[in-house]
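In: need coordinates for the below:
(2 chains)
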Amino acid sequence: MMDNVTVEVSALGRNYGNNAAVRDVSFSLRQGEVLGFLGPNGAGKSTTMKMLTGNLAPTFGSVKICGIDILEQPKEAKALIGYLPETPPLYKELTVDEMLALSARLHGVARGSVKKALQTAKERCGLTEMSGRLIDNLSKGYQQRVGIAQAIIHNPMVVILDEPTVGLDPIQIRDIRALIKELGGEHSVILSTHILPEVEMICDHVQIIHKGQLVFNGSIDVLKQQRHGNRLLLGLRNPPAREELLKLDDIIDVETAGEHLLRVRHADGAAPAEAIVQAAVNNNWGLYQINPDQTTLEEVFVQLTYQEV
Amino acid sequence: MIFSIAGKELRSMFSSPMGWIILALLQFIFGTFFLVGIDQYFQTMSGAIRPEQRQGVTEFVGHSVFSTASFIMLFAVPLLSMRLISEERKNQTLPFLFSAPLSLTDIVLGKFVGLVSFLSILIAFIGIMLSSLNLWSELDYGYLAGNLLGLWLLVASFSALGLFVSSLTQHPIVAAIITFVALFALMILDYFFASDPNSVLNTLSLFRHFEPFSRGLLDTRDFSYFMLFILTFLTLTVRRLDADRLRG
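Out: Okay, here's the model as predicted:
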């Protein structure tokens, strides 16, 4: 059941005049997966999302939602998508209930089940007490929730959220993240963000887009591995010569990382920490610190996006 | 689908003071002209007047009300049509409609139907007001129906043009001004070319095609003129929205 491909994007591109905003983006997404879309400002995240939802016509390539081409059969394909753009598209003069009912009807929810759909969406987004309030009078965070509720009200196969946690307080962010994870159970979710820990927390797949091109496309585990790496940071009061350390098993390289600090690279999958500690005690190197040298996700991100510069 | 959008438009219209004020104000103006018309009718007809110059009450009062109404609508429609699409552009709510499973035609028709139904309320009130004369006299219902239909077509044409102009800009006020100027130009076209009654431009004038209706004459040429006018501007609006999707 988890093998259903819900989104299939091939060689998608968009030009604005002579300026290519998005170039040759291809990926596919299965049911139940959460895809994180990362990239610096102006990288083409929103442009790609607009093309996925049929808001913008691509210059090249195609988008298929559950096998339906969005250019050839826009109505059928759009019925399967729930979309929250960067600015939540809400009619401020309507109440929460009116807005959600409108969304349900326009997305083809049968007249009889509108009420039920409304109830479910409100419960999921924590809006039950706000039913009769005018959207204009809601805080930014609640407006964002209404935005998410209008995107999921028709129980779409694919939910596309453009920066869903912007402008929310930490508690709301936690709620929304839990909601997105829950959505990921039965739907496919694509979300864009520039908050990196968020991606690590809720996404199965990550795509990093830079200057309109995909620079990384893979499982979150790959990114994590890149992050944890194979290096140890040693703090030694009486550091030995480089060769002394290299004599130990599995150690490939040693470099100085500061006063009394050494960065040790070891073979993949090896755990030389114990041997190093033993050697340090035996030879009186004065070990006061040993820990894995993690590159933060930010660093990986910067490495991936700025390698050409 | 179309009616869901139309319903939303009506709701928005009535959720701002604008809708209510326009309804009340226009009804007040029409009511005044109605009263003045009756008053004048008694004054004129009570005087010595030759039988062949006598007019029916429907025509006398109706003419006064309908000619005012067609002129007043010139100001009212741009005020109502200005925000239909421009405001959605400004508030960035268009993606909501674009990503719903709707065709652009559905969206444009929905908005058009919404506005025209609001204006139909006004026209219905005029009809009811004039029909109340039937309590004291015999009314010429054919004349009344012809006028109502003419006014309705005129107002629908105004709305179509207003909707198109609204899709061109982000600023409702700009849309209102352009719509007003364009409508005004179309209304007085025959005024400018009065010296040359055969000029092609004359036939473009909205008033010239409204005039037969106001005499109670239904002519398919005028009818199709209004229909083509509406169709043209609705199509242009669809094209304009499609350009959004293509050009971004």
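In: list the contacts of the closest residue to chain B within the stretch 201-309 of chain A.
Out: The minimum distance from the stretch 201-309 of chain A to chain B, using CB to the nearest CB, falls at A:Gly212 (13.6 Å). To be clear about C-beta, it is placed using only N, CA and C from the backbone, and glycine gets the same treatment. Neighbouring residues of A:Gly212 by CB atoms under 8 Å, 6 or more residues apart in numbering or on different chains: A:20-23, A:25, A:43-44, A:47.
In: look up how far A:Gly42 lies from it.
Out: Taken as CB to CB, to the nearest Å, the spacing of A:Gly212 relative to A:Gly42 amounts to 9 Å.
In: quick one, phi psi at the nearest residue to A:Glu33 once chain neighbours are set aside?
Out: Nearest in space to A:Glu33, with sequence neighbours left out and distances taken as CB to CB, 6 or more residues apart in numbering or on different chains, is A:Asp204 at 5.0 Å. Here is the backbone geometry of A:Asp204 (degrees, to the nearest 10): phi -90, psi -30.
In: which SS state does A:Val109 fall under?
Out: Secondary structure assignment for A:Val109 (DSSP: H, G, I helix; E, B strand; the rest coil): coil.
In: brain fart, B:Thr235
Out: Per three-state DSSP, the secondary structure class of B:Thr235 is helix.
In: tell me how far it lies from chain A.
Out: 19 Å (CB to the nearest CB, to the nearest Å).
In: if I look at that residue, how far off is A:Ala77?
Out: 25 Å.
In: and for B:Phe14?
Out: 35 Å.
In: try B:Phe233
Out: B:Phe233 is 29 Å from A:Ala77, by CB to CB.
In: what's the answer for A:Ser192, then?
Out: In terms of CB to CB, A:Ser192 sits 20 Å off from A:Ala77.
In: same question, B:Thr232
Out: 30 Å.
In: those two: who's more crowded?
Out: A:Ala77 (23 against 14; other CB atoms under 10 Å in any protein chain shown).
In: wait, what's in contact with that one?
Out: A:54, A:63-66, A:68-70.
In: the same query, at a cut-off of 10 Å, please.
Out: A:Ala77 makes contact with A:52-54, A:63-71, A:158, B:101, according to CB atoms under 10 Å, 6 or more residues apart in numbering or on different chains.
In: Three-state assignment for the spatially closest residue to B:Leu94 that is not a sequence neighbour, please.
Out: Residue nearest to B:Leu94 in three dimensions, not counting chain neighbours: B:Glu88, with 4.8 Å by CB to CB, 6+ apart. Under three-state DSSP, B:Glu88 falls in the helix class.
In: residue contacts, B:Glu88?
Out: So B:Glu88 contacts A:89, A:91, B:94-97, B:107, B:111, B:166-167, B:170 (CB under 10 Å, 6+ apart).
In: Serialize those to TSV and add fields for distance to A:Pro292 and pLDDT.
Out: Listed next are the contacts of B:Glu88 as TSV, based on distance: CB to CB, whole Å; pLDDT from 0 to 100:
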residue	distance to A:Pro292	pLDDT
A:Pro89	45	92
A:Tyr91	51	92
B:Leu94	49	91
B:Pro95	44	91
B:Phe96	47	92
B:Leu97	51	92
B:Ile107	56	94
B:Lys111	60	95
B:Ser166	61	95
B:Ser167	58	94
B:Gln170	53	91
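In: surely A:Ile290 touches A:Val277?
Out: Yes - A:Ile290 lies in contact with A:Val277 (CB atoms under 10 Å); the separation is 6.6 Å.
In: list residues touching both of A:Gly212 and A:Gly42?
Out: Common neighbours of A:Gly212 and A:Gly42 (CB under 10 Å, 6+ apart) are A:Ala21.
In: count the neighbours of residue 190 for me.
Out: Looking at chain A here, since you left the chain open. Neighbour tally, A:Ile190, other CB under 10 Å: 27.
In: um, chain B though
Out: So B:Asp190, with other CB under 10 Å, has 20 neighbours.
In: over to A:Ile135?
Out: Neighbours of A:Ile135 (other CB under 10 Å): 20.
In: per-residue pLDDT, it?
Out: At A:Ile135, the model reports a pLDDT of 92.
In: assign a three-state SS to the residue of chain B found nearest chain A, would you?
Out: The minimum distance from chain B to chain A, using CB to the nearest CB, falls at B:Phe96 (3.6 Å). Three-state assignment for B:Phe96 (three-state DSSP): helix.
In: residues touching it, list them.
Out: A:83-85, A:88-91, A:99, A:102-103, A:106, A:147, A:150-151, B:88.
In: that one and A:Phe27, how far apart?
Out: Distance from B:Phe96 to A:Phe27, by CB to CB: 26 Å.
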